[in-house]
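K.L.:
mind folding the following:
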Amino acid sequence: MSKTPLTYFVSAVGIIHSTALVYEKSIMTIPIRSRSAERLVDILMELHLHGVVSRQALMEKFNITERTVYRDLNALSPIVEHTGGGQYRLIHSVQNTAGQGLHQTIANFLNADTFFPERGAEFWQKLESRVDENHIQILNNDAEHSVEKDIRRYLPSIEKAIKNRNVCRIVYKDKSRSVNPYKLINKKNIWYLQATETGRLKSFSLSLIKWLDIENATFIPEEHAITLLENNLSPWVSEDTFEVKIFINDNISHYFRRRNLLPQQEIVEERPEGAVIRCLAAHENQILPLIFYWLPNIQVLEPAWLKETFFKTLEDYLATAPASVD
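P.N.:
Sure, this is the predicted structure:
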């Protein structure tokens, strides 16, 4: 029985510690730690990580002749094919249509650009040692306690419904709703289903969905909803947004300058004592928690109704807060 590219890859890695590579009925003997064996493993690693290799690049990397490169690639011919222009790839590739290797695909799926925007060959070579040495750690918010149950219960069904464009019936916040599912996203380790309900795009927390049923009825995705989701990678997504202007004192402004803390934030005015920031929000709860967090070094300038809501919330809290004990 023929080997798959993955089993062939695993077998090939063992060349360094063995004396032969067997493929079906043919046997190619390779001395232990021979240079050719190490080259083959290196080529397979390149293919596995990046999807393609270049004949010219291999010549330069190993300082070998074109004839030697041809011989190496011919030894891998059961799983490697020539795609033209001196480029080679895995047959029935373990890569995606963009020509990326498996590692890059996983990195893109997990949004690794947020942490490591540049991921060349050196990054992948050092990755395993970095994990073992534990000198670098990526820390995120703690996941919800129900995440394992939620993913096991809902992910396969919702993913299938999104692909097949099936209407879903859910019970959410004690209300039965008919929704058209578009996307699943994870923001700050909280899972959301993004779907339209009565034509309006909304985000539903997976942990708050109490019941889900995939109906036979299908829907036609709306272009404006797709565009909105592509342009707003956040659970706070809406066709109706409002502009907010906020003043921040100079002693906290560096937190806002080093990265966006507000949705689509932009510094519109510099002042000696601080800066004015403009942003676009879909809901007041995108803004108010951050305002409370940065008190007293931040204030709402516009719109007036948000400023009033802020003061009213603060007044209600102070009115119900227990008196301090001396």
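
K.L.:
any idea of the mean pLDDT for the helix or strand where residue 128 lies?
P.N.:
According to DSSP states H and E, residue 128 maps onto helix 121-133. The average pLDDT for helix 121-133 rounds to 77.

K.L.:
now the strands for the protein?
P.N.:
For the chain, applying DSSP state E gives strands covering 20-23, 26-29, 52-54, 80-84, 87-90, 166-172, 175-187, 190-197, 200-205, 209-218, 242-249, 266-271, 274-281, 298-302.

K.L.:
pLDDT averaged over the longest one - what is it?
P.N.:
Per-residue pLDDT values across strand 175-187 average out to 95.

K.L.:
and that strand, which residues are buried?
P.N.:
177, 179, 180, 181, 182, 183, 184, 185, 186 (16 or more other C-beta atoms under 10 Å). For glycine as for every other residue, the C-beta is placed from the backbone atoms N, C-alpha and C.

K.L.:
flag the shaky bits of the stretch 101-250 of the chain, pLDDT-wise.
P.N.:
By pLDDT under 70, the weakly predicted segments of the stretch 101-250 of the chain are 101-103.

K.L.:
swap the cut-off to 90 and go again
P.N.:
Within the stretch 101-250 of the chain, the stretches with pLDDT under 90 are 101-144, 147-148, 151, 187-189, 199, 224, 227-241.

K.L.:
from what I see, residue 150 and residue 208 are in contact.
P.N.:
No - with contact defined as C-beta atoms under 8 Å, residue 150 and residue 208 do not form a contacting pair (9.5 Å).

K.L.:
compare those two (neighbour count), which wins?
P.N.:
More crowded of residue 150 and residue 208, by other C-beta atoms under 10 Å: residue 150, with 19 against 14.

K.L.:
excluding chain neighbours, give the residue nearest to the more buried one in space.
P.N.:
Take residue 150 and drop its neighbours on the chain: the residue closest to it by C-beta to C-beta, 6 or more residues apart in numbering is residue 206, 4.6 Å away.

K.L.:
ok, now residue 116?
P.N.:
residue 123 (6.4 Å).

K.L.:
what about that neighbour, distance to residue 129?
P.N.:
Note on residue 123: its distance to residue 129, by C-beta to C-beta, to the nearest Å, is 12 Å.

K.L.:
so what's the residue lying closest to residue 151 once chain neighbours are set aside bridging to?
P.N.:
Spatially, and ignoring its direct neighbours in sequence, residue 151 is nearest to residue 191 (7.1 Å; C-beta to C-beta, 6+ apart). Following DSSP bridges, residue 191 is listed with bridge partners residue 186.

K.L.:
surely residue 191 meets residue 153?
P.N.:
No - with contact defined as C-beta under 8 Å, residue 191 does not reach residue 153; the gap is 11.2 Å.

K.L.:
so between these two, which is more surrounded?
P.N.:
Of the pair residue 191 and residue 153, residue 191 is the one with more neighbours under other C-beta under 10 Å, namely 23 against 14.

K.L.:
what sits against the more buried one?
P.N.:
Shown in contact with residue 191 (C-beta atoms under 8 Å, 6 or more residues apart in numbering): 144, 147, 150, 151, 184, 185, 205, 206, 207.

K.L.:
redo these as a markdown table? Include distance to residue 170.
P.N.:
Listed next are the contacts of residue 191 as a markdown table, based on distance: C-beta to C-beta, whole Å:
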| residue | distance to residue 170 |
| --- | --- |
| 144 | 17 |
| 147 | 18 |
| 150 | 13 |
| 151 | 16 |
| 184 | 13 |
| 185 | 16 |
| 205 | 11 |
| 206 | 10 |
| 207 | 13 |
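
K.L.:
run through the residues that contact residue 265.
P.N.:
Contacts of residue 265 (C-beta under 8 Å, 6+ apart): 256, 277, 278, 279.

K.L.:
let's go with 10 Å and repeat that
P.N.:
Applying C-beta atoms under 10 Å, 6 or more residues apart in numbering, we find residue 265 in contact with 244, 246, 256, 259, 277, 278, 279, 280.

K.L.:
would you list the phi and psi of it?
P.N.:
phi -70, psi 150 (degrees, to the nearest 10).
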